[in-house]
Structure formats: structure tokens, C-alpha cells
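Q: Just need the structure, nothing else, for what follows:
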Amino acid sequence: MKTLLDEHVDIRFKSALAGIEIFTVREMGWLGSKNGVLRAKMEAEGFKALVTADKNMPFQQNLTTLNFAIVIMDTPSLLFEYQERFLPKIQQFLAAEHDPLPKIVHVTVKGISKGSKIDQFQKLVPPQDFLLL
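A: The predicted structure is shown next:
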């Protein structure tokens, strides 16, 4: 699944997600792009997933026409020591076939995720467009 790593996702994710077609925002020349511009660029380039730690992104987009999954790490920190704990679930999601593709994938890790926005995310999209990992 062609995947983009958002600015605040540690670059080490790219090598850790073996077998997935991964690009970083920096590689694409999209650093500093606002979410709406980033979305348009992703859709034009055929991306199917965006891995991010930005829990506000779903609230800033019209999700009804979204053509890719927003994979949100529910992490309390942007440090790699926290983010790497999300890798197994993210790898599993990105390696699998999804028909249809969920619009929001909320990834949690027991003991570090707060889950404070799960209810809000679920209200943004129909149940079939939300996946909790």
C-alpha cells in the first residue's frame, strides 16, 4: 500500500516497515504543506495511507471524499521510543488488503495511548470507515 509518513513520524519508520511502499513528506518535497494541500498532493500521487501522530487532522478534512486512510498513532510523545511501539499494528494494517479502505485508523498501544479522541473520531465517519487497532 503506497504510504506517506507525515512530518512528525520518525524517519526510522521507513526502514522498519519492510515490504511497504513508503515515502516521507521530506522526500516528496512537501515539508510544511498545510493538511488540505497535502491531501490534494497525496491523492494526485495515488497514496492510500498517511501515517501521522496528528490527532487533529481528521477534524480538518472533509472525510466523505477522502481517498486514503489516515492512520493515527495515539501516542503521548513524538519520540521514537514511543512511536516504535506502534510499528507492529501499523505494519499489519498496511500489509493487508482493505476493501473498502477505512478513512480513519486509530492505532493504540496499551499502557501509553490515552484514547481520548476515539469517540470523536467515530462520530466523524460511518462505522465501516473507522478502524480501531
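Q: Helices of the protein, start to end?
A: Under the criterion DSSP state H, the chain contains helices at 12-16, 25-28, 35-45, 80-83, 87-95, 118-124.
Q: Adding mean pLDDT and distance to residue 5, write those helices out as CSV.
A: Any C-beta I mention is one placed from the backbone N, CA and C, and that applies to glycine too. Output for the helices of the chain, formatted as CSV (pLDDT from 0 to 100; distance: least, CB to CB, whole Å):
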stretch, mean pLDDT, distance to residue 5
helix 12-16, 90, 6
helix 25-28, 94, 7
helix 35-45, 90, 12
helix 80-83, 92, 10
helix 87-95, 95, 10
helix 118-124, 86, 20
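Q: wait, which of these is closest to residue 63?
A: Judged by CB to CB, the one of the helices of the chain that comes nearest to residue 63 is helix 118-124, at 5.7 Å.
Q: Distance from that closest one to the middle of the chain?
A: Its chain's average C-alpha position is 15 Å from that of helix 118-124, according to CA atoms, centre = their mean, to the nearest Å.
Q: Report the buried residues of that helix.
A: Within helix 118-124, the residues that count as buried by 16 or more other CB atoms under 10 Å are 118, 121, 124.
Q: Relative to residue 96, which of the residues you listed is nearest.
A: Closest approach between those and residue 96, by CB to CB: residue 121, at 20.0 Å.
Q: For the nearest residue to the closest one once chain neighbours are set aside, name its beta-bridge partners.
A: If the residues on either side of it in the chain are set aside, residue 121 comes closest to residue 104, at 5.2 Å by CB to CB, 6 or more residues apart in numbering. Beta bridges link residue 104 to residue 70, residue 130, judged by DSSP bridges.
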